[in-house]
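Engineer: structure, please.
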Amino acid sequence: MNNQKEEVSRYSAGELIKRFLPYYRKYWTVVVIDLFCAGMTTICEMVLPMIIRYITNTGMNDITALSVSVILRLAVLYLVLRIIDTMANFYMAYTGHVMGTKIETDMRRDAYAHLQSLSDTYYNNTKVGQIMGRITNDLFDVTEFAHHCPEEFFIAAIKAVISFIILSGINLWLTMIIFAVVPVMVIVCTTINLRLRAAFRQQRVQIGELNARIEDSLLGQKVVKAFTNEEKEKEKFEEDNQNFFRIKKKTYKFMAAFGTTTRAFDGLMYLVVVVAGGIFMVKELIAPGDLVAYVMYVSTLIATIRRIIEFAEQFQRGMTGIERFVEIMDSDIEIYDEPDAVPCSNVKGDIKLNNVCFEYPDDHNIVFRNLNLDIHAGEKIAIVGPSGGGKTTLCNLIPRFYNIDEGEIILDGKNIKSYTLKSLRQNIGMVQQDVYLFSGTVYENIAYGRENATREEVIEAAKKAGAHEFIKELKDGYDTYVGERGVKLSGGQKQRISIARVFLKNPPILILDEATSALDNESEFQVAKSLQELAKGRTTITIAHRLSSIRNSDRILVLTEEGITEEGNHEQLLEKKGMYYHFYVTANELK
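Structural biologist: The predicted structure is shown next:
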């Protein structure tokens with residue numbers, strides 16, 4: 001179902017060109033010089049038939065007028081033109097392509113910047129493989145498109161106009177017959193072109209699906225092997241691979257139809273020239289030299305049309321790449337700075353939720369109705385409750401990973417929407433159960449917590465997180481490569497590195513989202529000590545399944561689908577013998 005939606009084009013060719021044109025603005029001088037060079041190469045090419053025409057007609061009418069000096073002068077003229085043509089062609093081939101590469105680079109930069117601004121909702125509903133395909137493969141063809149598109153159409157326009165003028169001067173009626181074929185050729189080829197563009201689009205989508213399938217399978221290869229599902233994964237991959245083959249096969253069918261159609265029209269135009277031109281020469285309506293020049297100009301015209309038609313494949317690839325780029329750029333930025341937003345500074349950490357209502361934008365799953373909560377600066381709050389009660393969602397609303405539907409979230413007396421996103425998130429540190437480490441060194445992953453941190457500050461943060469000792473034992477210490485997503489480290493080691501990262505950031509507000517639930521007892525004990533150290537002097541919100549880790553919280557909240565149903569410290573909640581008491585007793589029985 002999703003694939004079908006992907007295949008439907010939402011944009012006309014005119015809309016895509018209009019969206020693409022601004023990228024030429026920075027390079028308009030290169031474009032102008034490139035088109036000037038294209039014009040020079042075209043003029044140089046179109047002088048040759050005139051030289052041949054002059055030599056042929058002069059030789060047939062008065063051979064004595066055709067001296068060696070005349071031929072040499074014509075040869076020198078043609079040599080000069082070829083030198084100009086060579087220099088102009090080098091500029092077009094080198095500088096023109098570099099310009100196209102710069103435009104591709106600019107577009108990729110804009111696409112990546114836009115992706116950084118999109119909310120979690122977009123990523124929840126879009127495969128990473130598709131996104132990667134859009135900002136890599138789909139933009140490769142833009143280089144050729146950006147360079148050749150104005151160049152090819154400019155050359156075609158010059159050749160068509162000059163050919164028509166010169167050929168009309170030789171024989172108007174024969175020219176009208178020849179050019180009458182051109183519109184029919186354009187209409188037929190355009191029809192096939194539209195089919196070709198749709199096929200190219202399907203091809204791009206399926207490449208994205210292949211990327212997504214490969215990424216999903218390789219990242220989950222341990223699970224695949226654990227459940228011995230290698231054959232199942234091969235079958236799923238083969239299905240996607242065969243779908244790609246079928247789409248590509250269809251693409252080649254349209255490309256073959258395209259090429260066959262152009263060759264048929266080529267033959268038709270040559271046939272018209274031979275038959276009609278021969279009859280006109282027999283009736284002395286056209287001179288032999290003129291007919292030779294005519295054939296050469298028609299050959300040039302046909303070659304130009306064929307080149308444009310062959311460029312159509314490249315054109316459609318480029319248009320498909322632009323279309324997929326535009327789709328990213330048109331994805332709504334749901335979380336953004338309000339016009340009057342200001343940076344927040346000297347944050348104390350006083351947080352209030354007033355009548356907060358929220359449902360997820362994609363599936364409209366209602367999570368909160370009129371939720372109210374008051375967290376004092378420096379207070380340590382713990383949130384427990386059944387799965388699906390909204391614990392993680394609540395923590396995602398405070399740094400504005402999602403916007404609430406109704407109510408308001410207040411930080412230090414002001415609505416969080418009145419603060420810039422960057423400053424708001426800079427004052428919030430998050431430690432999650434699913435730790436993400438970037439492919440790089442231990443040092444780089446900790447230093448990610450604060451830009452321009454010194455090595456001494458990074459090491460100090462690691463010491464506070466209880467990570468320094470095990471880091472020293474690693475092969476290369478802080479310069480040890482952690483692997484993709486930190487695969488070379490244990491769960492406890494990764495978690496302590498993530499805590500060190502937050503220590504380095506040193507935020508006044510701390511959110512701990514089940515930070516120890518996936519660890520073994522020894523790792524949990526070590527990480528818990530690090531978290532206690534981290535929480536000192538900060539407003540701390542902890543989500544935990546293991547109730548032993550939150551017994552010393554200032555306040556514990558029980559959050560369910562009905563909202564906050566219980567509130568108090570550990571002893572108070574046990575005395576109530578409500579849901580928290582049930583959780584605690586059950587947890588102890590399981591031990």
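
Engineer: from now on I want contacts and neighbour counts done on CA atoms only, so please keep to that.
Structural biologist: Noted.

Engineer: so I381 belongs to a helix, correct?
Structural biologist: No. Counting by DSSP: H, G, I helix; E, B strand; the rest coil, I381 is not part of a helix but strand.

Engineer: quick one: residues contacting it.
Structural biologist: 375, 539-542, 553-557 (Cα atoms under 8 Å, 6 or more residues apart in numbering).

Engineer: and the two most separated of those?
Structural biologist: The two members of the contacts of I381 with the most space between them (Cα to Cα) are T539 and L557, at 15.0 Å.

Engineer: related to what we said a few turns ago, which of the contacts of I381 fall in strands?
Structural biologist: 375, 539-542, 555-557 (DSSP state E).

Engineer: drop anything exposed from the residues you listed.
Structural biologist: 375, 539-542, 555-557 (16 or more other Cα atoms under 10 Å).

Engineer: now those as a markdown table including pLDDT and distance to G477?
Structural biologist: Formatted as a markdown table, these follow (pLDDT from 0 to 100; distance: Cα to Cα, whole Å):
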| residue | pLDDT | distance to G477 |
| --- | --- | --- |
| I375 | 91 | 40 |
| T539 | 91 | 33 |
| T540 | 89 | 31 |
| I541 | 90 | 32 |
| T542 | 88 | 31 |
| R555 | 91 | 40 |
| I556 | 90 | 39 |
| L557 | 89 | 41 |
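
Engineer: I'd like to know which of the residues you listed is nearest to S439.
Structural biologist: Distances from S439 to those, taken by Cα to Cα, are shortest for T542, at 27.9 Å.

Engineer: bridging residues for the closest one?
Structural biologist: A382, L512 (DSSP bridges).

Engineer: between the helix or strand harbouring L510 and strand 539-543, how big is the angle?
Structural biologist: Counting by DSSP states H and E, the element that carries L510 is strand 509-513. Here the directions of strand 509-513 and strand 539-543 differ by 10 degrees (axes from the mean of the first three to the mean of the last three Cα atoms, to 10 degrees).

Engineer: tilt between the next helix or strand after strand 509-513 and strand 509-513?
Structural biologist: Downstream of strand 509-513, the first helix or strand assigned by DSSP H and E is helix 521-535. Here helix 521-535 points in a direction 160 degrees away from that of strand 509-513 (the same axes, to 10 degrees).

Engineer: other SSEs contacting helix 521-535?
Structural biologist: helix 455-464, helix 491-505 (3 or more Cα pairs under 8 Å, 6 or more residues apart in numbering; DSSP states H and E).

Engineer: now those as JSON lines including mean neighbour count, distance to D240 and mean pLDDT?
Structural biologist: JSON lines is the format used below for these (neighbours: other Cα atoms under 10 Å; distance: least, Cα to Cα, whole Å; pLDDT from 0 to 100):
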{"stretch": "helix 455-464", "mean neighbour count": "19", "distance to D240": "45", "mean pLDDT": "89"}
{"stretch": "helix 491-505", "mean neighbour count": "25", "distance to D240": "34", "mean pLDDT": "85"}
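
Engineer: mind naming the longest helix for this structure?
Structural biologist: Longest helix of the chain, by residue count under DSSP state H: helix 230-282.

Engineer: just how off-centre is the next helix or strand after that one within its chain?
Structural biologist: Following helix 230-282 in sequence order, the next helix or strand is helix 288-329 (DSSP H and E). Computed by Cα atoms, centre = their mean, to the nearest Å, the chain-centroid distance of helix 288-329 equals 29 Å.

Engineer: quick one: strands adjacent to the helix or strand following helix 288-329?
Structural biologist: Using DSSP H and E, the next helix or strand after helix 288-329 towards the C-terminus is strand 351-359. Partners of strand 351-359 in the sheet, by DSSP bridges, are strand 366-375 (antiparallel), strand 406-411 (antiparallel).

Engineer: so what touches strand 351-359?
Structural biologist: 365-377, 403-412.
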